[in-house]
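>>> Let me see the structure of the following:
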Amino acid sequence: AISGPRAVRGVEQESLTVRCRYDPGYESCVKWWCRGADWGSCRIVVKTTGSEKEVKKGRVSIRDNWKDRSFTVTMEKLRLDDSDTYWCGIERSGPDLGNRVKVTIDPAESISTSATSNANMLTAPVAPEGVHFSQLWRPGS
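Got it, this is the predicted structure:
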């Protein structure tokens, strides 16, 4: 009922967007982004109000798109210690639905060697098909 990338990578000081899709019928449910490896005790970072209005908490925002049946979470000004296991989830009666996402943040200096790699990262699509900019070529890979 909910799906998203299994793992994403970001770069320190930049932004990272994660997109999770869901099945019809969950449009008006509250969507959330939770941090922590254990599903039962993860800490909710940000959640929607059950509408399509963007909600921002600190460096993290979430926005639901009912027509597209997907919601996006954007983490800004990334820090190395943002690396962790997260979950995108849907609140509902009965157990919530969730999809685990491993987030890895790389140090900024590892990509600052080439202006073109920076351009690639900024223009990389928020790929719904599970491709992420970590799969683009980077110096040293």
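>>> mind listing the strands for the protein?
In order along the chain, the chain carries the following strands (DSSP state E): 2-3, 7-11, 16-22, 31-35, 43-47, 55-57, 60-65, 70-75, 84-90, 97-106.
>>> Columns mean neighbour count and mean pLDDT on top of the ones you listed, output as TSV?
(C-beta placed from N, C-alpha, C; glycine too.) As requested, the strands of the chain are arranged in TSV below (neighbours: other C-beta atoms under 10 Å; pLDDT from 0 to 100):
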stretch	mean neighbour count	mean pLDDT
strand 2-3	18	97
strand 7-11	20	97
strand 16-22	21	98
strand 31-35	22	98
strand 43-47	16	97
strand 55-57	14	98
strand 60-65	20	98
strand 70-75	22	98
strand 84-90	22	98
strand 97-106	18	97
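>>> Could I get the pLDDT score of residue 39?
In this prediction, residue 39 carries a pLDDT score of 87.
>>> count of residues packed around it?
The number of residues packed near residue 39 is 14, by other C-beta atoms under 10 Å.
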